[in-house]
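A.B. asks: I need the structure of the sequence given here:
(2 chains)
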Amino acid sequence: MLEINNLTARIGDTEILRGLTLSVKAGEVHAIMGPNGSGKSTLAQVIAGHHDYVVTGGTVTFNGKTLFDLEPEERAREGIFLGFQYPVEIPGVNNAYLLKAAVNARRKHQGLGEIDAFEFLKLAREKMALLGMDTKFLNRGVNEGFSGGEKKRNEILQMAMLEPKLAILDETDSGLDIDALKAVAEGVNSLRTPDRAIVLVTHYQRLLDYISPDFVHVLSEGRIIRSGDRTLALELEEKGYDWLREAANA
Amino acid sequence: MKPSMLSVEGLKTAVSRLPDDALSATRAVALANLDEHGLPTVRHEDWKYTDLRPAIDISNRWLADGALGPTAGDISATIASATRSIDADWLVIANGTIDMSYFNSSRGIEVERFSESAAPFVMDRPLADLNAALLQDGLRVRVHAATEKPLGLLIIDNAHSGAAVSQANVEIMVAPGCDVEIIEYQTSSGRGDHYANSVVTMDIGEAARTGYVRIQERRIGHVQTGRLSVTVGKDARFAMASYDLGGGLVRNDVDIDLGATGADLVCNGLYLAGDGQHIDNHIRIDHRVGPATSSQEFRGILNGRCRCVWNGKAIVHKGADGTDAKQANHNLLLSEHAEINAKPELEIYADDVKCSHGTTVGQLDEAALFYLRSRGLGKHEAIQVLTRAFAADLVGRAPVNAAKTLIAARVDARLAELTLEPTS
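C.D. replies: Prediction:
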């Protein structure tokens, strides 16, 4: 589904990704771990199409399409979803409006008509119940005045409504208390299907207690220095990142 | 040499052709004022950013052509559609001529023409003088009981070809204790050059409440100058909001006099400007006694090559203790060629007052733009959504309920156009 080959990217004059290669197939859950500054968020932003990041080499294809030929909105309509580490507050834009506009943009791309208002509300209520969100959040400004946990739940709500083919969740666990973490994990797990891939970008392995990944990758200085199964995450929890970096540099 | 180049000879000829009626004396006074002072130029502090030469050029060409009404073009269809757009009782001034055929209700409202009663008060302000000199006729409206529908004031012009000038003058008196909603809707069409000059004078009686909405949707390229002078009585509330969506050169002067205790004023405005537009809002609020409150909030969205001006002045006179005056002006500039001249002004001569002002000028939030695009919204749609959000609050707070739907639709339509223009 997602094929990343020898990807290099920079922001400003700083080279952040330095030859990253990764293959993600439908039905898989990958966790990308690594210390601060290793390039985890950059990878997420580059895949979503943020203009501040300049791709300097390598290729990324999504279901055979070259990703860099597509604008951010085209990537979203193709089925890529980025759950933001810091979801943006947009006062004056109604949360329900955004959800509906996003769903309809995707549907239009698929040649479907706009979602029926009743159907939309029913679906939104259902997903919100699953995430333990009050429906009053539908009528608030997008993330406006939301707590950290509410913002993250709102990201997962958007994901659940959009039903992407590939979801990249950037530090979705950061700043969450245990209840919020469980709710978010439940939301993510409910979307685990054989035709969907999920990439979890995370600093700590805590999230992986609730969402069990098929693969764990360790990112350091813009490259994947170790891949393994979920036991790698437990090993990292115990030993930290330094032993891997030392091994990689040796 | 006179400071203005307005043809006074042409003006005299035009005035001499108007009927001899109750307005004749004020026309003569206004003409003499104009002869003496002319129209302001950019050398005047209040006109530093707004050059009236386009208005003067159109006026002189019109005067040279014999100061006739529009050469052709029936605008009854346009009037019918404008009056249908909001459910109100409409007083229509079309090409400077009063048309009472869209006014149905008489309950609670009395209307008479200046020519049948008395001339308007001469303000001795240049544009008001021009208005008084060339005025065919004006309307005096008395609201003495709550009305079923809002009162509409449609000032509509059509410039078929060449150059045309029109004047509108309306006085509105709201009786003590009355609740009334008023819509001033200014619009124009036609490929000719047009200059519209209006004066609206209001007196809000004790404990009366008035909601006033002004929608300006003139053809881009047409010129409008308008003066709104309001006196707010004891414990009365006047809430207004203006929506400037069109026009080439537009200058709005709003003077509000808070001369009695307990007066409460809200004066808001939204201006949307694109290529070739110049929109100037000059507000002056006089707090003469206290306690009284005033709150101003103006917002602008600018794209392309355009210039907007906001000058929000509040004067707190000596002894006006207990005054609470707020001013805010926020601007979103989508193009580096767009210019805003924002000037909050507070002159305070009283001791016990609460005054604040704030002005911001910014660009679209790139992080928000990316966030929306990452959810599948196209770039243009995302820009529309963000600009609409910036305007939404002022649209939602329109003080005339019946006008909200129309305002929201017209603001959306204008933003859709405006955000299509190149943003660099």
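
A.B. asks: surely residue A:35 meets residue A:225?
C.D. replies: No - look at residue A:35 against residue A:225 with Cβ atoms under 8 Å: they stay out of range, at 10.9 Å. For glycine as for every other residue, the C-beta is placed from the backbone atoms N, C-alpha and C.

A.B. asks: which residues are in contact with both of the two?
C.D. replies: In terms of Cβ atoms under 8 Å, 6 or more residues apart in numbering or on different chains, residue A:35 and residue A:225 are both contacted by the residues residue A:245.

A.B. asks: my guess is residue A:47 is in a helix, correct?
C.D. replies: Yes - read with DSSP: H, G, I helix; E, B strand; the rest coil, residue A:47 is one of the residues of a helix.

A.B. asks: got a list of what it touches?
C.D. replies: Contacts of residue A:47 by Cβ under 8 Å, 6+ apart are A:2, A:60, A:67, A:75, A:80, A:82, A:168.

A.B. asks: Recalculate using a threshold of 10 Å.
C.D. replies: Residues in contact with residue A:47 (Cβ atoms under 10 Å, 6 or more residues apart in numbering or on different chains) are A:2, A:4, A:7, A:53, A:60, A:62, A:67, A:75, A:80, A:82, A:166, A:168, A:199.

A.B. asks: Distance check, residue B:33 against residue B:305.
C.D. replies: Between residue B:33 and residue B:305 the computed distance is 36 Å (Cβ to Cβ, to the nearest Å).

A.B. asks: returning to that earlier point: most neighbours, which of the contacts of residue A:47?
C.D. replies: residue A:82 (29 neighbours; other Cβ atoms under 10 Å in any protein chain shown).

A.B. asks: circling back to that earlier point, with neighbour numbers in mind, choose between residue B:33 and residue B:305.
C.D. replies: residue B:33 (20 against 16).

A.B. asks: Surely that one is in contact with residue B:122?
C.D. replies: Yes - counting by Cβ atoms under 10 Å, residue B:33 touches residue B:122, with 7.5 Å between them.

A.B. asks: shared neighbours, the two?
C.D. replies: Common neighbours of residue B:33 and residue B:122, using Cβ under 10 Å, 6+ apart, are B:128-129, B:132-133.

A.B. asks: what's the closest of the residues you listed to chain A?
C.D. replies: residue B:128 (38.0 Å; Cβ to the nearest Cβ).

A.B. asks: give me every residue that touches the closest one.
C.D. replies: So residue B:128 contacts B:30, B:33, B:120-122, B:169, B:197-199, B:201, B:225, B:227, B:229, B:253 (Cβ under 10 Å, 6+ apart).

A.B. asks: In terms of helices and strands, where is it?
C.D. replies: helix B:126-134 (DSSP states H and E).

A.B. asks: before we move on, back to that, tabulate the contacts of residue A:47 (TSV), appending pLDDT, secondary structure and distance to chain B.
C.D. replies: As requested, these are exported to TSV (pLDDT from 0 to 100; DSSP: H, G, I helix; E, B strand; the rest coil; distance: Cβ to the nearest Cβ, whole Å):
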residue	pLDDT	secondary structure	distance to chain B
A:2	97	strand	16
A:4	97	strand	18
A:7	96	strand	19
A:53	95	strand	11
A:60	97	strand	16
A:62	97	strand	14
A:67	95	helix	13
A:75	97	helix	8
A:80	97	strand	9
A:82	97	strand	5
A:166	97	strand	13
A:168	97	strand	10
A:199	97	strand	15
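
A.B. asks: Quick check, pLDDT for the residue nearest to residue A:40 when sequence neighbours are not counted.
C.D. replies: Among residues not flanking residue A:40 along the chain, residue A:201 sits closest, at 4.6 Å (Cβ to Cβ, 6 or more residues apart in numbering or on different chains). Note on residue A:201: pLDDT of 95.

A.B. asks: The host helix or strand of residue A:201 pairs with which strands, parallel or anti?
C.D. replies: For residue A:201, the element it lies in under DSSP H and E is strand A:197-202. According to DSSP bridges, strand A:197-202 has the following sheet partners: strand A:29-33 (parallel), strand A:166-170 (parallel).

A.B. asks: Quick one: name the residues of chain B near chain A.
C.D. replies: By Cβ under 10 Å from any Cβ of the partner chain, the residues of chain B that approach chain A are B:365-379, B:381-382, B:385-393, B:396.

A.B. asks: Which PyMOL command selects the buried ones in these?
C.D. replies: Here is the PyMOL command that selects the buried residues among the residues of chain B next to chain A (16 or more other Cβ atoms under 10 Å in any protein chain shown):
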select buried, chain B and resi 365+368+369+370+371+372+373+374+375+376+377+378+381+382+385+386+387+388+389+390+391+392
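
A.B. asks: So which of the residues of chain B next to chain A sit within helices?
C.D. replies: B:366-373, B:379, B:381-382, B:385-393, B:396 (DSSP state H).

A.B. asks: tell me the phi and psi of the nearest residue to residue B:162 once chain neighbours are set aside?
C.D. replies: Leaving aside its sequence neighbours, residue B:162 sits nearest to residue B:192 (Cβ to Cβ, 6+ apart; 5.2 Å). Residue B:192 adopts backbone torsions of phi -70, psi 170, taken as degrees, to the nearest 10.

A.B. asks: Residue B:192: neighbour count?
C.D. replies: 24.

A.B. asks: any idea how far it is from chain A?
C.D. replies: 39 Å (Cβ to the nearest Cβ, to the nearest Å).

A.B. asks: Residue B:384 too?
C.D. replies: With Cβ to the nearest Cβ as the criterion, residue B:384 and chain A are 10 Å apart.

A.B. asks: And the residue of chain A closest to chain B?
C.D. replies: Residue of chain A nearest chain B, by Cβ to the nearest Cβ: residue A:92 (3.0 Å).

A.B. asks: If you count neighbours, what's buried in the helix or strand encompassing that residue?
C.D. replies: Using DSSP H and E, residue A:92 maps to strand A:90-94. Residues of strand A:90-94 classed as buried by neighbour count (16+ other Cβ under 10 Å): A:90, A:92-94.

A.B. asks: Would you tell me which one of those residues comes nearest to residue B:102?
C.D. replies: residue A:92 (35.6 Å; Cβ to Cβ).

A.B. asks: Quick check: the residue lying closest to that closest one once chain neighbours are set aside vs residue A:79, distance?
C.D. replies: The shortest distance from residue A:92 to any non-neighbouring residue, by Cβ to Cβ, 6+ apart, is to residue B:389 (3.0 Å). Remark: distance between residue B:389 and residue A:79 (Cβ to Cβ) = 27 Å.

A.B. asks: Next: residue B:386.
C.D. replies: Counting by Cβ to Cβ - residue B:386 and residue A:79 are separated by 25 Å.
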